[in-house]
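J.: Let's see this in three dimensions:
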Amino acid sequence: MRQGASFIVLAMVGLLSAATFAAAATMQRAGFVGDRRHLLVFKEDIFHNVAEPEVAELCKKAGGRLLVWHAAIGTALAESVDNNFSATVMALDERLHSAEATDKQPVGRHSRLPEQDNKQQSAPVEDADAANGRSAAGVDYNWGDTLSNRQWDMEQINVPGAQKLTRGKSNVIVGVIDTGIDRTHPDIKPTLRTDLSVGCVGGVARKSVSAWKDDNGHGTHTASTVAAASNKRGLVGVAPGARIAAIKAGDKDGFFYAEAIVCAFMHAADNGFAVTSNSYYADPWYFNCKSDPDQNAIYTAISRAVKYALGKKVSVIVAAGNSLINLDDPKIDNSSPNNGTEEDVIFNRPVNNNCPLLPAGLPGVVTVSAVGNTTQISTYSNYGFTYVALTAPGGDGAYPTKYAARGTVLGAWPTSLRNSADGPLLMQSGAAYVYLEGTSMAAPHVAGVAGLLISPPK
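T.: Numbers count the residues shown, from 1 in each chain. Predicted coordinates for the structure are as follows:
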């Protein structure tokens, strides 16, 4: 079904007149390589009366230690070498709503099963410096930077027209909750707030550059769509006048576990971010069923963190996912859990509306599906009128056009990762760019639009 095309984020100039969108450093310490991280979620009606020393003592009694206590949402993160820690701690304190290890897989079994974004077949490296003018995209712009004639996606949602009114304001911060950001990329460096960037992998926010460095590539690509600088080279993002900050919640292999997602939303909420761009789903379950005690802990922790961020006036923009599923009526999950081997997957696992995709299925978020250059919903995109609020350019390599020769979205890529690019690679003046498709590419367009809406016109 081709649902959702009517929601395309077109004519942003019109949108601009609308109302505004509304301490351990690491888990793998010497001697603790086998430790497991556990989420402890206290009951909603009493968690405001729970104090951090009580939680620390509870963790100690159960054979673990407290890593962080999120008092505002009644959620803790602990670690323990005891795989039965969650059951033990639940038996010790009746105030707990749920407790669960976030990653049950043995150490060393950590390779993501495919789904997150559609990888394309590799192609020869394209040298944009040798292209001399008109690009393979066939778009002739008088707008933008040296690669903007390849940005069919920006033309589709009328970014050039919108930027005549506002390019975003530097006090508007968009948090890119992803795999980190390459701070050295020339399209990223001018708009990146390094002082607000953190790494949340492991569940504890760390400010060191190494903690939020992009070791995957995905985060740099999405960040450039939001706010690549207008600096006469490379690409231009939707809101180049706004500022972005890296909140690294995804690891090198592309896993986004609950403790990192909770950490990310808490950081955005507590540091005045206006928008977050979220192009992922919570691992290891594609759908988290509230009726399952283990998955309920993940659901409750993430939903509380998102609700907290929304309460702090953070606009939460989320990718809908790439499995061609009707999110209004999911029936079968064939990709979970995804952090082991294919033999670990529970095939034909029945799911329903009580098993939301996280965070796309949460109240208050803006969930985004994808379209290609033809404006038809992309052949991979999830859909559904209840959950999907908007559609934006995510690309579709199945339907290239003369205006989008590859059919996919060009974004910045860490030059250090050029040999492991997920799609066709383009180089210009020593900087790397990659063509990708996915709802991951669609969501940051909307995050950029949110940044413009919050910024007053010139």
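J.: contact partners of the top helix by length along the chain?
T.: If you go by DSSP state H, the chain has its longest helix at helix 293-311. Here helix 293-311 makes contact (C-beta atoms under 8 Å, 6 or more residues apart in numbering) with 39, 41, 70, 72-75, 97-100, 102, 258-259, 261-262, 264-266, 268-269, 276, 282, 285, 288-290, 316, 355-356, 358-359, 362-365. (Each C-beta comes from the backbone N, C-alpha and C, glycine too.)
J.: Tell me the spacing between residue 309 and residue 361.
T.: Counting by C-beta to C-beta, to the nearest Å, the gap from residue 309 to residue 361 is 16 Å.
J.: Where do the strands of the stretch 101-250 of the chain begin and end?
T.: Counting by DSSP state E, counting those that start in this stretch, the stretch 101-250 of the chain has these strands, from start to end: 126-127, 173-178, 198-199, 243-248.
J.: can you redo those as a markdown table with distance to residue 411, mean neighbour count and mean pLDDT?
T.: Converted to a markdown table, the strands of the stretch 101-250 of the chain look like this (distance: least, C-beta to C-beta, whole Å; neighbours: other C-beta atoms under 10 Å; pLDDT from 0 to 100):
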| stretch | distance to residue 411 | mean neighbour count | mean pLDDT |
| --- | --- | --- | --- |
| strand 126-127 | 14 | 14 | 64 |
| strand 173-178 | 12 | 30 | 98 |
| strand 198-199 | 21 | 25 | 98 |
| strand 243-248 | 13 | 29 | 98 |
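J.: Among these, which comes closest to residue 381?
T.: strand 173-178 (18.8 Å; C-beta to C-beta).
J.: Which helix or strand lies directly C-terminal to the lowest-mean-pLDDT helix or strand in the chain?
T.: Lowest on mean pLDDT, DSSP states H and E among the helices and strands of the chain sits helix 12-15, with a mean of 40. Heading C-terminal from helix 12-15, the first helix or strand you meet, by DSSP states H and E, is strand 36-42.
J.: the inter-axis angle of that following strand versus helix 293-311?
T.: 70 degrees (axes from the mean of the first three to the mean of the last three C-alpha atoms, to 10 degrees).
J.: what's the distance between the helix or strand following strand 36-42 and the middle of its chain?
T.: Next along the chain after strand 36-42, taking DSSP H and E as the criterion, comes helix 52-61. Centroid separation for helix 52-61 versus its chain: 32 Å, with C-alpha atoms, centre = their mean, to the nearest Å.
J.: ok so, going back, PyMOL command to pick out the buried ones of the contacts of helix 293-311?
T.: Selecting only the buried entries of the contacts of helix 293-311 in PyMOL, with 16 or more other C-beta atoms under 10 Å as the criterion:
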select buried, resi 39+41+70+72+73+74+75+97+98+99+100+102+258+259+261+262+264+265+266+268+269+276+282+285+288+289+316+355+356+358+359+362+365
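J.: Give me the subset of the contacts of helix 293-311 lying in helices.
T.: Those of those lying in helices (DSSP H): 258, 259, 261, 262, 264, 265, 266, 268, 269.
J.: possible to save those residues as CSV with pLDDT and distance to residue 59?
T.: Converted to CSV, the ones in helices among the contacts of helix 293-311 look like this (pLDDT from 0 to 100; distance: C-beta to C-beta, whole Å):
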residue, pLDDT, distance to residue 59
258, 96, 17
259, 97, 14
261, 98, 21
262, 98, 17
264, 98, 22
265, 98, 22
266, 98, 19
268, 98, 26
269, 98, 24
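J.: Contacts only, for the residue lying closest to residue 417 once chain neighbours are set aside.
T.: Setting aside the residues directly before and after it, residue 417 is nearest to residue 217 in space (C-beta to C-beta, 6 or more residues apart in numbering), at 4.9 Å. Each residue near residue 217 by C-beta under 8 Å, 6+ apart is listed here: 179, 413, 414, 417, 420, 421, 422, 434.
J.: Identify, from those residues, the entry nearest to residue 234.
T.: residue 413 (11.0 Å).
J.: can you give me the strands for the stretch 251-400 of the chain?
T.: 275-278, 315-319, 332-333, 349-350, 366-371, 388-393.
J.: between the strands of the stretch 101-250 of the chain, which one is nearest to residue 53?
T.: strand 198-199 (25.2 Å).
J.: by contact count, what packs against that closest one?
T.: helix 209-212, strand 243-248 (3 or more C-beta pairs under 8 Å, 6 or more residues apart in numbering; DSSP states H and E).
J.: Run through who's touching the longest one.
T.: Outside strand 243-248, the residues that touch it by C-beta under 8 Å, 6+ apart are 170-181, 183, 188, 191-193, 196-201, 211-214, 219, 223, 226-227, 260, 264, 267-268, 273, 276.
J.: From residue 282, how far out is residue 265?
T.: 11 Å.
J.: Equivalent analysis for residue 332, please.
T.: Taking C-beta to C-beta as the measure, residue 332 falls 19 Å from residue 282.
J.: now the ones in helices among the contacts of helix 293-311 in TSV, with distance to residue 347?
T.: What follows is those, written out as TSV (distance: C-beta to C-beta, whole Å):
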residue	distance to residue 347
258	23
259	27
261	26
262	29
264	31
265	32
266	35
268	36
269	38
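J.: so where is the stretch 351-458 of the chain shaky, pLDDT-wise?
T.: Across the stretch 351-458 of the chain, the ranges flagged by pLDDT under 70 are 458.
J.: ugh, typo on my part, it should be the chain
T.: 1-34, 104-142, 458.
J.: Now with 80, please.
T.: Scanning the chain for pLDDT under 80 picks out 1-35, 103-142, 340-342, 403, 456-458.
J.: thinking again about what came up before, ok, so of the contacts of residue 217, who is nearest residue 451?
T.: When these are compared against residue 451 (criterion: C-beta to C-beta), the nearest one is residue 179, at 20.4 Å.
J.: from memory that closest one sits against residue 212, does it?
T.: No - judged on C-beta atoms under 8 Å, residue 179 makes no contact with residue 212 at a distance of 9.4 Å.
J.: of these two, who's got more company?
T.: Higher neighbour count among residue 179 and residue 212: residue 179, with 31 against 27, using other C-beta atoms under 10 Å.
J.: about what we covered before: now, which of the ones in helices among the contacts of helix 293-311 sits nearest residue 148?
T.: Using C-beta to C-beta, the ones in helices among the contacts of helix 293-311 come closest to residue 148 at residue 268, 29.1 Å.
J.: what's the nearest residue to that closest one if we skip its chain neighbours?
T.: Nearest non-adjacent residue to residue 268, counting by C-beta to C-beta, 6+ apart: residue 175, 4.4 Å away.
J.: and the gap between the one you found and residue 211?
T.: 15 Å.
J.: Please apply the same query to residue 385.
T.: Using C-beta to C-beta, residue 385 is found at 39 Å from residue 211.
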